[in-house]
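1. coordinates only, sequence not included:
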């Protein structure tokens, strides 16, 4: 099966869906959702860590929407934003991440400002959501520098998901041999695995049982771009390095968790497709995904 993502103006990327249970489940779920009505397909989030200065660009977006929220005067206890991004330390990034998460929960999840008129409430939620997304993009550019990605979201009147079996997680939630451009299946929430919190040096971000691993394969996915391909030997070595980093992080921060549990030991989001269209430069991929119109069109070809 082939996956095509079209950006308009005759520009597209094509991938071969892999022949394994995870990839097949993801593709079948995607096929189901695409067959629904009111289909929405969009670039939900993108972080091109390989492009110099992208973390500053994302921070500028955080600042822009933060100022919009501040100017509205609705949130009296809005956190103070440190504007000097070039001098941010781990502590500063942790503080920003914590403040943004709390703001996002308060406004969009808990809906504390429900008493506002419908239009004002919608604008506030939209601005805070954009702060949240831009912050996540910035943090990925700062702490996950080996991977550039564009996360794709697909929604319709239909929904589909497949439970992740123990056998699937054992075999496919690990680093594996791959080319430079792949598609990974990702959960439809902000993953807070031990790998992510270790990357960001943010132990308080981890709560076991709360977004620490995926339980289902759905249709969300990200197209990932790497500087180099990986052989099986290199993938095994990288997985070993990542696991050792997690073990050290858990020990150093005295996190009350067993990092050897299957969901923590096998934590890498699985690859479901390889690029088969002509390979381009990272800058060219960046220009495809970094655009004002976030809409895309996906087709699956048997």
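-> Noted; the coordinates are in hand. This structure is a prediction, so every number in the text was calculated from the model and none was measured.

2. can you tell me which residues contact residue 52?
-> If you count contacts by CB atoms under 8 Å, 6 or more residues apart in numbering, residue 52 has none. Every residue, glycine included, has its C-beta placed from N, CA and C.

3. repeat for residue 146
-> Going by CB under 8 Å, 6+ apart, residue 146 touches 49, 226, 227.

4. give the burial count for residue 19, as a bare number.
-> Applying other CB atoms under 10 Å, we find 8 residues neighbouring residue 19.

5. most surrounded residue in the contacts of residue 146?
-> residue 49 (20 neighbours).

6. is it true that it touches residue 139?
-> No - if you go by CB atoms under 8 Å, residue 49 and residue 139 don't touch, sitting 10.3 Å apart.

7. let me see the domain layout of this protein.
-> Domains of the chain are assigned by automatic domain parsing as 1-48+146-287+296-302, 51-144.

8. quick one, helices of the stretch 201-302 of the chain?
-> Using DSSP state H, counting those that start in this stretch, the helices of the stretch 201-302 of the chain run over 232-252, 262-265, 282-289.

9. output those helices in CSV; the columns should cover mean neighbour count and mean pLDDT.
-> Shown next, in CSV, are these (neighbours: other CB atoms under 10 Å; pLDDT from 0 to 100):
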stretch, mean neighbour count, mean pLDDT
helix 232-252, 15, 97
helix 262-265, 18, 96
helix 282-289, 17, 96
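
10. among these, which comes closest to residue 134?
-> Residue 134 lies closest, by CB to CB, to one member of the helices of the stretch 201-302 of the chain: helix 282-289, at 14.7 Å.

11. so what's residue 150 bridging to?
-> residue 46, residue 223 (DSSP bridges).

12. which ones are touching it?
-> 43, 45, 46, 222, 223, 285, 289.

13. max pairwise distance over the residues you listed: which two?
-> Farthest pair in these, by CB to CB: 45 and 285, 14.8 Å.

14. may I have the phi/psi pair for residue 84?
-> Dihedral angles of residue 84 (phi, psi; degrees, to the nearest 10) stand at phi -90, psi 70.

15. the stretch 101-250 of the chain: strands as residue ranges?
-> 148-155, 162-163, 181-185, 216-217, 221-225 (DSSP state E, counting those that start in this stretch).

16. how far away from the center of its chain is stretch 219-229?
-> 11 Å (CA atoms, centre = their mean, to the nearest Å).

17. nope, stretch 216-235 is what I was after
-> For stretch 216-235, the distance to the chain centre is 13 Å (CA atoms, centre = their mean).

18. do the same with stretch 168-175
-> Taking mean C-alpha positions (CA atoms, centre = their mean), stretch 168-175 and its chain are 18 Å apart.

19. what does stretch 267-281 give?
-> Worked out by CA atoms, centre = their mean, stretch 267-281 lies 15 Å from the chain centre.

20. what do you get for stretch 28-43?
-> 19 Å.

21. what does that stretch contact?
-> Residues contacting stretch 28-43 (CB under 8 Å, 6+ apart): 3, 150-162, 217-219, 221, 289, 294-300.
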